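In: okay, here's the prediction I keep looking at, along with the sequence it came from:
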Amino acid sequence: MRANVVVEYENNLFDGHDSLPTVGTYHFGKHIIALAPPEEDRLALFCVFDGFDMDRCEGYIAHEASMDICAEFIFVRQHGITIISRCHHHHHHQLLLNI
């Protein structure tokens with residue numbers, strides 16, 4: 001599958017967005033979308049579905065080689081095939097996953 005990961009961010013110093021095209025697969029037996037790292041940092045994006053609710057998944061960003069998790073999200077499908085996640089810490093981040 002082809003995917004486009006759009007990252008929108010905002011903090012006290014700046015705001016902006018990045019668009020990261022990538023490719024990936026859906027593993028039917030494990031209910032996981034696995035997206036290849038779109039940048040040289042080799043961070044991959046995964047969405048794990050529970051097998052019942054295909055409009056919600058637990059997402060995480062992990063280092064490709066070690067699978068050490070850097071960030072975790074809850075993604076909820078909105079507007080057709082866009083999955084949106086919002087993460088509020090000291091900064092505002094929003095991930096849009098178009099598949």
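Out: Received the coordinates, thanks. Numbering: from 1, shown residues only.
In: give me the beta-bridge partners of the residue positioned nearest the centre of the chain?
Out: Central residue of the chain (Cα atoms, centre = their mean): Leu45, 5.0 Å from the mean position. Beta bridges link Leu45 to Leu35, Ile61, judged by DSSP bridges.
In: quick one: contacts for it?
Out: Leu45 makes contact with 5, 22, 24, 34-35, 59-61, 97, according to Cβ atoms under 8 Å, 6 or more residues apart in numbering. For glycine as for every other residue, the C-beta is placed from the backbone atoms N, C-alpha and C.
In: try it again with 7 Å
Out: By Cβ atoms under 7 Å, 6 or more residues apart in numbering, Leu45 lies in contact with 5, 35, 59, 61.
In: tell me which helix or strand in the chain has the weakest average pLDDT.
Out: Among the helical and strand segments of the chain, the one scoring lowest on mean pLDDT, DSSP states H and E is strand 82-88, with a mean of 52.
In: show the pLDDT at the nearest residue to Pro21 once chain neighbours are set aside.
Out: Using Cβ to Cβ, 6 or more residues apart in numbering and skipping the chain neighbours, the partner closest in space to Pro21 is Asn4 (5.2 Å). The score at Asn4 is 82. That number is its pLDDT.
In: surely Asn4 is in contact with Val23?
Out: No. Contact between Asn4 and Val23 fails when scored by Cβ atoms under 7 Å: they sit 10.4 Å apart.
In: of the two, which one has the most company?
Out: Counted by other Cβ atoms under 10 Å, Asn4 and Val23 do not tie: Asn4 has more neighbours, with 15 against 10.
In: for Ile32, what are its contacts?
Out: Residues near Ile32 by Cβ under 7 Å, 6+ apart: 46-48.
In: next one: it from Met67, what distance?
Out: Distance of Ile32 to Met67, given as Cβ to Cβ, to the nearest Å: 12 Å.
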